[in-house]
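# This is a predicted model, with the sequence first.
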Amino acid sequence: MPIAIFLLLLTLYAMIRRVDVFSAFVRGAAEALPLLKSLLPALAVFTMALRLFRDSGAQERFTALLSPMLSRVGVDPALLPLLIARPFSGSAATGALLDLFSRYGPDSATGLCASVLLGSSETVFYTVALYFGSVGVKKTRFAVPVALAAMVVSIAFGLLFSRLFFGPAG
(Lines give C-alpha, C1' and ligand atoms only; values in the text may rest on other atoms or scores of the structure.)
Protein backbone atom coordinates (compact mmCIF):
# COMPACT_ATOMS: atom_id res chain seq x y z
CA MET A 1 0.00 0.00 0.00
CA PRO A 2 2.77 2.56 0.77
CA ILE A 3 4.21 2.02 -2.73
CA ALA A 4 0.81 2.66 -4.30
CA ILE A 5 0.45 5.87 -2.28
CA PHE A 6 3.97 6.91 -3.29
CA LEU A 7 3.21 6.33 -6.98
CA LEU A 8 -0.06 8.23 -6.68
CA LEU A 9 1.67 11.20 -5.00
CA LEU A 10 4.45 11.12 -7.61
CA THR A 11 1.88 11.15 -10.42
CA LEU A 12 -0.01 14.04 -8.82
CA TYR A 13 3.22 15.99 -8.36
CA ALA A 14 4.16 15.40 -12.01
CA MET A 15 0.69 16.55 -13.16
CA ILE A 16 0.89 19.71 -11.05
CA ARG A 17 4.40 20.51 -12.36
CA ARG A 18 3.30 19.55 -15.91
CA VAL A 19 6.13 17.04 -16.32
CA ASP A 20 6.02 14.54 -19.17
CA VAL A 21 6.57 11.44 -17.02
CA PHE A 22 6.96 9.03 -19.92
CA SER A 23 9.69 11.13 -21.59
CA ALA A 24 11.51 11.53 -18.28
CA PHE A 25 11.35 7.77 -17.73
CA VAL A 26 12.69 7.05 -21.23
CA ARG A 27 15.56 9.55 -20.75
CA GLY A 28 16.46 7.97 -17.41
CA ALA A 29 16.42 4.48 -18.91
CA ALA A 30 18.63 5.64 -21.79
CA GLU A 31 21.13 7.15 -19.34
CA ALA A 32 21.23 3.85 -17.42
CA LEU A 33 22.22 1.73 -20.42
CA PRO A 34 25.96 2.60 -20.33
CA LEU A 35 25.98 1.77 -16.61
CA LEU A 36 24.33 -1.57 -17.31
CA LYS A 37 26.90 -2.30 -20.02
CA SER A 38 29.76 -1.73 -17.58
CA LEU A 39 28.21 -3.80 -14.77
CA LEU A 40 26.91 -6.77 -16.71
CA PRO A 41 30.25 -8.60 -17.17
CA ALA A 42 31.05 -8.57 -13.44
CA LEU A 43 27.56 -9.76 -12.53
CA ALA A 44 27.74 -12.54 -15.12
CA VAL A 45 31.08 -13.73 -13.71
CA PHE A 46 29.75 -13.77 -10.13
CA THR A 47 26.64 -15.66 -11.18
CA MET A 48 28.63 -18.22 -13.16
CA ALA A 49 31.23 -18.73 -10.41
CA LEU A 50 28.59 -19.25 -7.74
CA ARG A 51 26.70 -21.70 -9.93
CA LEU A 52 29.93 -23.56 -10.72
CA PHE A 53 30.81 -23.74 -7.01
CA ARG A 54 27.43 -25.24 -6.20
CA ASP A 55 27.00 -27.53 -9.21
CA SER A 56 30.53 -28.95 -9.05
CA GLY A 57 29.92 -30.37 -5.58
CA ALA A 58 32.56 -28.09 -4.04
CA GLN A 59 29.94 -26.50 -1.79
CA GLU A 60 28.95 -29.87 -0.33
CA ARG A 61 32.59 -30.86 0.23
CA PHE A 62 33.35 -27.51 1.83
CA THR A 63 30.31 -27.87 4.07
CA ALA A 64 31.33 -31.40 5.05
CA LEU A 65 34.86 -30.20 5.82
CA LEU A 66 33.70 -27.38 8.11
CA SER A 67 30.76 -29.17 9.73
CA PRO A 68 32.70 -30.70 12.66
CA MET A 69 34.27 -27.36 13.57
CA LEU A 70 30.96 -25.52 13.31
CA SER A 71 29.19 -28.12 15.43
CA ARG A 72 31.85 -27.76 18.15
CA VAL A 73 31.21 -24.01 18.43
CA GLY A 74 27.44 -24.46 18.40
CA VAL A 75 26.65 -23.40 14.82
CA ASP A 76 24.27 -25.55 12.80
CA PRO A 77 26.23 -26.77 9.73
CA ALA A 78 23.01 -26.55 7.71
CA LEU A 79 23.45 -22.75 7.77
CA LEU A 80 26.77 -22.92 5.90
CA PRO A 81 25.35 -22.83 2.33
CA LEU A 82 23.49 -19.64 3.27
CA LEU A 83 26.64 -18.12 4.78
CA ILE A 84 28.71 -19.06 1.72
CA ALA A 85 26.21 -17.69 -0.80
CA ARG A 86 25.33 -14.45 0.99
CA PRO A 87 28.47 -12.40 0.22
CA PHE A 88 28.10 -13.19 -3.49
CA SER A 89 24.42 -13.35 -4.35
CA GLY A 90 21.24 -12.29 -2.65
CA SER A 91 19.12 -14.58 -4.81
CA ALA A 92 21.34 -17.60 -4.09
CA ALA A 93 21.19 -16.81 -0.38
CA THR A 94 17.41 -16.50 -0.58
CA GLY A 95 17.31 -19.87 -2.33
CA ALA A 96 19.42 -21.36 0.49
CA LEU A 97 17.02 -19.79 3.01
CA LEU A 98 14.00 -21.29 1.27
CA ASP A 99 15.75 -24.67 1.20
CA LEU A 100 16.30 -24.43 4.96
CA PHE A 101 12.65 -23.46 5.40
CA SER A 102 11.50 -26.50 3.46
CA ARG A 103 13.78 -28.86 5.43
CA TYR A 104 13.42 -27.43 8.96
CA GLY A 105 10.44 -25.07 8.79
CA PRO A 106 10.43 -21.28 9.00
CA ASP A 107 9.54 -21.30 12.71
CA SER A 108 12.28 -23.74 13.71
CA ALA A 109 15.41 -22.51 15.46
CA THR A 110 17.36 -23.14 12.25
CA GLY A 111 14.82 -21.25 10.13
CA LEU A 112 14.70 -18.31 12.52
CA CYS A 113 18.50 -18.18 12.78
CA ALA A 114 18.82 -18.31 8.98
CA SER A 115 16.34 -15.44 8.68
CA VAL A 116 18.34 -13.33 11.14
CA LEU A 117 21.58 -14.12 9.31
CA LEU A 118 20.12 -13.22 5.93
CA GLY A 119 18.77 -9.94 7.28
CA SER A 120 21.94 -8.96 9.13
CA SER A 121 24.42 -9.59 6.33
CA GLU A 122 25.13 -8.10 2.92
CA THR A 123 26.02 -9.24 -0.58
CA VAL A 124 29.49 -7.72 -0.24
CA PHE A 125 31.02 -8.71 -3.57
CA TYR A 126 27.89 -7.91 -5.56
CA THR A 127 27.56 -4.51 -3.88
CA VAL A 128 31.24 -3.68 -4.38
CA ALA A 129 31.05 -4.70 -8.04
CA LEU A 130 27.89 -2.65 -8.52
CA TYR A 131 28.88 0.56 -6.75
CA PHE A 132 32.57 0.68 -7.55
CA GLY A 133 31.97 -0.55 -11.10
CA SER A 134 29.33 2.10 -11.73
CA VAL A 135 31.82 4.89 -11.09
CA GLY A 136 34.83 3.15 -12.64
CA VAL A 137 36.85 2.48 -9.48
CA LYS A 138 39.40 -0.29 -10.12
CA LYS A 139 41.20 -0.37 -6.75
CA THR A 140 38.84 -0.73 -3.81
CA ARG A 141 41.64 -0.48 -1.23
CA PHE A 142 40.19 -1.46 2.15
CA ALA A 143 36.51 -1.53 1.17
CA VAL A 144 36.27 -5.31 0.65
CA PRO A 145 38.27 -6.37 3.75
CA VAL A 146 36.35 -3.93 5.96
CA ALA A 147 33.00 -5.02 4.48
CA LEU A 148 33.89 -8.69 5.02
CA ALA A 149 35.02 -7.98 8.59
CA ALA A 150 31.74 -6.17 9.25
CA MET A 151 29.87 -9.11 7.80
CA VAL A 152 31.73 -11.56 10.04
CA VAL A 153 30.80 -9.43 13.06
CA SER A 154 27.16 -9.24 11.94
CA ILE A 155 27.06 -13.03 11.46
CA ALA A 156 28.64 -13.62 14.88
CA PHE A 157 26.12 -11.35 16.58
CA GLY A 158 23.28 -12.81 14.50
CA LEU A 159 24.25 -16.29 15.65
CA LEU A 160 24.61 -15.12 19.26
CA PHE A 161 21.26 -13.32 19.40
CA SER A 162 19.49 -16.13 17.55
CA ARG A 163 20.81 -18.59 20.10
CA LEU A 164 19.74 -16.33 22.98
CA PHE A 165 16.25 -15.67 21.62
CA PHE A 166 15.39 -18.87 19.75
CA GLY A 167 17.64 -21.54 21.29
CA PRO A 168 20.35 -23.56 19.57
CA ALA A 169 19.78 -24.27 15.88
CA GLY A 170 20.00 -27.80 14.60
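Okay, I see it. All of these numbers come straight from a predicted model, not from anything done at the bench.
# Helix, strand, or coil at Ser67?
In three-state terms, and counting by DSSP: H, G, I helix; E, B strand; the rest coil, Ser67 is helix.
# Equivalent analysis for Asp107, please.
Three-state call for Asp107 (three-state DSSP): coil.
# From Gly167, how far off is it?
12 Å (Cβ to Cβ, to the nearest Å). C-betas here are computed from N, CA, C, even on glycine.
# do the same with Ala14
52 Å.
# ditto for Ala32
For Ala32 relative to Gly167 (Cβ to Cβ), the value is 46 Å.
# for Ala149, same thing?
Counting by Cβ to Cβ, the gap from Ala149 to Gly167 is 28 Å.
# Over to Gly28?
Separation of Gly28 from Gly167 (Cβ to Cβ): 49 Å.
# of those two, who's got more company?
Ranked by neighbour count (other Cβ atoms under 10 Å), Gly28 and Gly167 place Gly167 first, with 12 against 9.
# thinking the more buried one is in contact with Ala109, fair?
Yes: taking Cβ atoms under 8 Å as the definition, Gly167 is a contact partner of Ala109 at 5.0 Å.
# State the mean pLDDT of stretch 106-125.
Stretch 106-125 shows a mean pLDDT of 92.
# List the buried residues of the helix or strand Gly111 falls within.
In the assignment (DSSP states H and E), Gly111 maps to helix 109-119. Buried residues in helix 109-119, counted by 16 or more other Cβ atoms under 10 Å: 109-118.
# what about the helices in the chain?
Assigned by DSSP state H, the helices in the chain fall at 2-17, 21-55, 58-72, 80-85, 90-104, 109-119, 124-134, 143-166.
# which stretches of this structure have low pLDDT?
Scanning the chain for pLDDT under 70 picks out 1, 169-170.
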